[in-house]
Each structure stands twice: as structure tokens, then as C-alpha cells.
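Asks: next comes the sequence, and after it the predicted model I'd like to discuss.
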Amino acid sequence: MTVYEAIEQAEIALSTTAQVDDGPDPRWQALIALAAHIETAPQQVWEFARRWGGSEDEDLRDAVATLLLEHLLEYHFESLFSAIEVEVARSATFADCFSRTWPLGQAESPGNRVRFELLKERASAV
């Protein structure tokens, strides 16, 4: 599946499927499939995460934070962090989404970790 097919399937799942109480949530499953493209198509995944990370749905913000944002920063910290900072400042719901992330990979390196934690503090205060 290409990144564009994964995005299309995720858009459909997020637009038409409500959260489920039992069994695998199709929305989370669609984001897991999209996350498989983080290393090779980070910009496309970021655009999707930016759009849906500002959702009013708390469970969906959890999914975007843990399945997409954390891993985007794990592999592409330098190229994406500034855009994430802008979105955190622009949107309270996206700030909440970011506040749910944990540093992984490149986000754990000393200089990046400081930047990450400072933004997380700002996001949590929004």
C-alpha cells in the first residue's frame, strides 16, 4: 500500500467510523497502517497528523500523538519540529495532542530532548 492509499483509507476510517468499545478500533488500525510510511514519506504523514491532531475527539488525539507524532519525531526531528511548534502555538487541540507524546529516537538526543520538553510544557499549559 502506498502512503497515499494509506492516507485515503485513514481519512475514510476517521470520517465514517466512531470509536468502538470492543475489538480493534478501525481508526487506530488505519493510523497504524499509515505509520508504516513515517520513515519514507514523513511530509505526507505530517500533513495528515497536523489535520487530525487538532480533532475535538480525545481518543483520536491520543492515536495521532502515539502512532504518528511520536514516531515522526523519532525519525525526522530536525525537519519537522519547527512545524510542530507552529501548530502547537496555533491550535489548543493540537497542543493537547502533542502534550500526549513521549520522546523517542532523535527526540531523545540531549539538545532535542530539551526542545521537546520545553514544547511539551508549553503545550500542556495551553
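Replies: That came through, no problem. Numbers count the residues shown, from 1 in each chain.
Asks: all helices of this structure, in order?
Replies: 3-16, 26-35, 42-52, 58-63, 70-90, 92-99, 110-125 (DSSP state H).
Asks: and the last one, what other elements does it pack with?
Replies: If you count contacts as 3 or more Cβ pairs under 8 Å, 6 or more residues apart in numbering; DSSP states H and E, helix 110-125 packs onto helix 70-90, helix 92-99. Where you see a C-beta, it was placed from the backbone N, CA and C, and this is true even at glycine.
Asks: next, the angle from that helix to helix 70-90.
Replies: Helix 110-125 runs at 50 degrees relative to helix 70-90, counting by axes from the mean of the first three to the mean of the last three Cα atoms, to 10 degrees.
Asks: and helix 110-125, C-alpha only, in PDB?
Replies: As requested, the backbone C-alpha atoms of helix 110-125 are provided in PDB (Å, rounded to 0.1, in the frame of the first residue of the first chain):
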ATOM      1  CA  PRO A 110      20.300  15.800  24.600                       C
ATOM      2  CA  GLY A 111      19.600  19.000  22.600                       C
ATOM      3  CA  ASN A 112      16.500  17.700  21.000                       C
ATOM      4  CA  ARG A 113      15.200  16.400  24.300                       C
ATOM      5  CA  VAL A 114      15.400  19.900  25.800                       C
ATOM      6  CA  ARG A 115      13.500  21.400  22.900                       C
ATOM      7  CA  PHE A 116      10.900  18.600  23.100                       C
ATOM      8  CA  GLU A 117      10.300  19.000  26.800                       C
ATOM      9  CA  LEU A 118      10.100  22.800  26.600                       C
ATOM     10  CA  LEU A 119       7.400  22.500  23.900                       C
ATOM     11  CA  LYS A 120       5.600  19.800  25.900                       C
ATOM     12  CA  GLU A 121       5.500  22.200  28.900                       C
ATOM     13  CA  ARG A 122       4.100  25.000  26.600                       C
ATOM     14  CA  ALA A 123       1.600  22.600  25.100                       C
ATOM     15  CA  SER A 124       0.400  21.400  28.500                       C
ATOM     16  CA  ALA A 125      -0.200  24.900  29.700                       C
END
